[in-house]
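In: Structure for the following, please:
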Amino acid sequence: MSSMDDKYKILISQFKPNDYEKSPYHALELKYNLEFSFIKLFNVECIDIKDYRNQKIDINKYFGIIFTSKIALDYFFSLLEQSRTTISNEMRYFCLTEQIALYLQKYMRYKKRKFFFGTGTPESVIENLKQFSNEKFILVSSSDGNESFANALRQHNINFDNLFVCKNVPVNISNINIKDYKMLAFFSPHGIESLFHNFPNYEQGDQVIAVCGEYTRKMAEEHNLKISVYSPTKEFPSLVHALDDFFAKQNNKQSKNIKNEEKIETDNDNTKTSNTKKVKPANTKNANTKKSPKKTSKSAKPSITTSSKKISNSKSTTTKTKKSG
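Out: Reported below is the predicted structural model:
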């Protein structure tokens with residue numbers, strides 16, 4: 001992708017993977033001569049137990065609980081323990097993804113009739129919620145709200161209340177030069193919020209933006225960021241797959257540009273050679289022009305002959321004069 005002395009630097013707004021040398025990011029670094037910097041842009045912290053109690057929500061009065069992240073799920077059960085709250089066995093659980101649903105096994109036995117999960121979009125979860133259209137639910141989220149998800153629930157007339165269990169705190173990264181990176185990769189809308197918190201006057205310019213997830217994409221669009229790399233899609237289920245495709249295409253463009261430049265140089269050389277060949281006949285013509293005086297000298301011979309005849313006649317006249325004398 002770039003020369004060994006000028007690596008393509010990318011900021012990944014996540015923690016560095018364990019056993020990094022075996023991670024797909026390391027493989028991409030080697031494949032395209034990249035340099036990843038893993039910098040978490042925000043921390044998720046559990047709210048204080050007092051703030052939790054001040055919300056005055058009786059969990060067991062609700063039909064089901066909606067989880068959109070593992071972190072929020074962990075803090076939810078931590079606050080239940082601190083408040084000494086026990087959940088009814090009849091509670092239903094609605095999760096954004098199957099991974100979150102399976103993660104619930106950390107706190108309870110997995111029962112299919114009580115667990116519902118989507119494919120990562122609000123609509124996929126709402127389809128499950130619509131089966132219980134007369135019931136009321138709790139949306140577990142951070143203190144700044146999961147507005148995109150909440151708005152989707154409102155649009156489909158889902159009856160719910162927010163339960164805030166955690167808060168997102170931006171990490172101070174104002175000491176770094178954000179423009180040192182040719183690409184910024186975000187996995188959460190809070191990462192984008194942290195970017196503008198640290199750099200209020202940030203302008204994208206020619207910096208490439210990569211995002212993972214629908215909510216992250218929407219947040220990027222709200223801040224007028226141009227997105228060049230996106231996942232998940234059917235073709236690219238993860239951001240690593242999307243990045244691999246992006247840099248493969250970039251390499252192809254560079255190869256084509258190099259070939260085009262070589263072709264232009266070749267065409268220019270051929271044009272110069274052709275022009276040189278066209279000049280040669282003009283030189284020949286000039287040479288013929290130079291030779292023309294020789295032809296003129298040949299045609300002048302009669303005048304020379306005439307003068308020699310005059311000389312000859314003059315000699316014969318002199319001879320006759322001598323004889324007569």
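In: what residues are up against Thr85?
Out: If a contact means Cβ atoms under 8 Å, 6 or more residues apart in numbering, then Thr85 has Ile59 as its contacts. C-beta: built from backbone N, CA, C; applies to glycine.
In: a helix runs through it, doesn't it?
Out: No. Under DSSP: H, G, I helix; E, B strand; the rest coil, Thr85 falls outside any helix and is assigned coil.
In: Could you count how many residues lie near Ile49?
Out: As a burial measure, Ile49 scores 12 neighbours (other Cβ atoms under 10 Å).
In: Can you name the residues that contact it?
Out: Ile49 touches Leu79, Gln82, Ser83, counting by Cβ under 8 Å, 6+ apart.
In: and Glu214, backbone torsions?
Out: The phi/psi pair for Glu214 (degrees, to the nearest 10) reads phi -70, psi -40.
In: Could you double-check that it lies in contact with Glu123?
Out: No. Contact criterion Cβ atoms under 8 Å: Glu214 and Glu123 do not qualify, at 9.7 Å.
In: mind listing the helices for the stretch 151-300 of the chain?
Out: Counting by DSSP state H, counting those that start in this stretch, the stretch 151-300 of the chain has helices at residues 189-198, 214-222, 239-299.
In: For Val240, see how far away the closest residue in space to His241 that isn't next to it in sequence is.
Out: Excluding its sequence neighbours, the residue lying closest to His241 (Cβ to Cβ, 6 or more residues apart in numbering) is Ser231, at 6.7 Å. Distance from Ser231 to Val240, counting by Cβ to Cβ, to the nearest Å: 8 Å.
In: the more surrounded of those two?
Out: Neighbour count, other Cβ under 10 Å: between Ser231 and Val240, Ser231 has more, with 21 against 16.
In: Quick one: residues in contact with stretch 20-32.
Out: For stretch 20-32, the surrounding residues in contact (Cβ under 8 Å, 6+ apart) are 1, 8, 12, 17, 34-36, 238, 240, 243-244, 247, 251.
In: phi, psi of Leu79?
Out: Main-chain dihedrals, Leu79, degrees, to the nearest 10: phi -70, psi -30.
In: how much space is there between it and Val165?
Out: Note on Leu79: its distance to Val165, by Cβ to Cβ, is 6 Å.
In: go on, Asn175?
Out: Asn175 is 31 Å from Val165, by Cβ to Cβ.
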